[in-house]
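Q: give me the fold of what follows.
(one chain, ligands or ions: 2)
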Amino acid sequence: MRVLGIESSCDETGLALYDTEQGLLAHALHSQIALHAEYGGVVPELASRDHIRRTVPLLRKILAESGTSLAETDAIAYTQGPGLAGALLVGAAFASGLAAALGKPVLPVHHLEGHLLSPFLSSDPPDFPFIALLVSGGHTQLMRVEGVGRYELLGETLDDAAGEAFDKTAKLMGLDYPGGALLARLAETGRPGRYRLPRPMLNSGDFNFSFAGLKTAALTLIRKADADSPEALAAFHADLARAFQDAVVEVLTAKAMDALRRTGVSRLVVAGGVGANHALRQSLGVATETCQARVYYPEFEFCTDNGAMIAFAGAMRLLHGESPQQAGPFSIRPRWSLGLA
Ligand code: KG4
Ligand code: ZN
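A: Numbering: from 1, shown residues only. Ligands and ions are numbered 1, 2, ... in the order given. A predicted model of the protein is given here:
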């Protein structure tokens, strides 16, 4: 069975072909980072227009790379939500139009399901059940995953997502958008312990998070900063980045470990853009080792948004008996919770 996947929920256009026998045949991605950089954040209307521009060339690219034709595709999966409404509409309309023209069925996919199944695209995939820590620019969630389609939400952020907090704090420091990875790099050079930021909800006894206060705490330090030279200012930023990252990493690690302990599950899957963070990986590696658990990550290129995870999630749904829809009227779900069963 061969599935074409289309991701267009935010600022990346991703297309991929996944075959349940042969694995991932091809995938292609276009990032809009350069397009939005001058505005310091994603401009939804520009994002939608760019998805329109990129989708057909990316489709041609993966067909050429895989040496296959659309006629050999069995179904078309697209991200139905959550995400930016206009951006989602591009993928949904394209998928539905193409499916109608080809006489193929469509599969609406939840973006976060794509993320949490993405480690199965690696050569060393986890077994079920596992705890998933989803840490992206739009979401921070802990889920218990029993199997495909069986997701239980344990907790989530009450305000900013972890990646959003990274990006907003980076912006306060004058770093380019999206600053999460840049802040992380800066933190590598920072001195530990010069500043101590709060650990929000560390001892809340549940699996919820809150990161908005950290950004405010960072802002307070920035306002009070009295660096008298460019070198002192650079050192201040590095030390603050370190303090910020240490706080986020400590909270994410503690809550993820608590979820493993309290559910008795021994596998942790980390997905979403913040899963690329080295300090988080190091911290989770040490913590899981001490309690004989194991942590799994998607391949580096599939940590952030991509079409492969949508094609894969669609294929898994088909394999697990979901009947795809005949192409016709379609809908998007910009706000959509996964696993509130
Ligand atoms: O999963 P993703 O590509 O998009 C969403 O669905 O949101 O995640 C993007 C987020 C951004 O907030 C970005 O700043 C953050 O992941 N990010 C990082 C790192 N690399 C990407 N945050 C911390 N450290 C990193 N190395
Ligand atoms: Zn995402």
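Q: enumerate the residues of the stretch 1-150 of the chain near ligand 1.
A: Listed as neighbours of ligand 1 in the stretch 1-150 of the chain under the rule CB under 6 Å from any ligand atom: 10, 136, 137, 138. For the C-beta atoms, the positions are set from N, CA and C on the backbone; glycine is no exception.
Q: now for those: which two are most distant?
A: 10 and 136 (9.2 Å; CB to CB).
Q: shared neighbours, the two?
A: Here residue 10 and residue 136 have residue 305 as joint contacts, going by CB atoms under 8 Å, 6 or more residues apart in numbering.
Q: so what pLDDT did residue 340 get?
A: pLDDT, residue 340: 50.
Q: please, which helix or strand holds the closest residue to residue 189 other than its chain neighbours?
A: If you skip the residues right next to it in sequence, residue 189 has residue 238 as its closest partner in space, 4.7 Å away by CB to CB, 6 or more residues apart in numbering. In the assignment (DSSP states H and E), residue 238 maps to helix 230-263.
Q: the helix or strand just after that helix packs against which elements?
A: As assigned by DSSP H and E, the chain's next helix or strand after helix 230-263 is strand 267-271. The elements that strand 267-271 packs onto, with contact taken as 3 or more CB pairs under 8 Å, 6 or more residues apart in numbering; DSSP states H and E, are helix 111-117, strand 130-135, helix 230-263, helix 278-290, strand 294-296.
Q: quick check: angle from strand 267-271 to strand 130-135?
A: 20 degrees (axes from the mean of the first three to the mean of the last three CA atoms, to 10 degrees).
Q: CA-only coordinates of strand 267-271 in PDB, if you can.
A: Extracted in PDB, the C-alpha atoms of strand 267-271 (Å, rounded to 0.1, in the frame of the first residue of the first chain):
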ATOM      1  CA  ARG A 267       9.900   3.600  26.700                       C
ATOM      2  CA  LEU A 268       9.900   7.300  26.100                       C
ATOM      3  CA  VAL A 269       9.500   8.900  22.600                       C
ATOM      4  CA  VAL A 270      10.500  12.500  22.200                       C
ATOM      5  CA  ALA A 271       9.100  14.200  19.100                       C
END
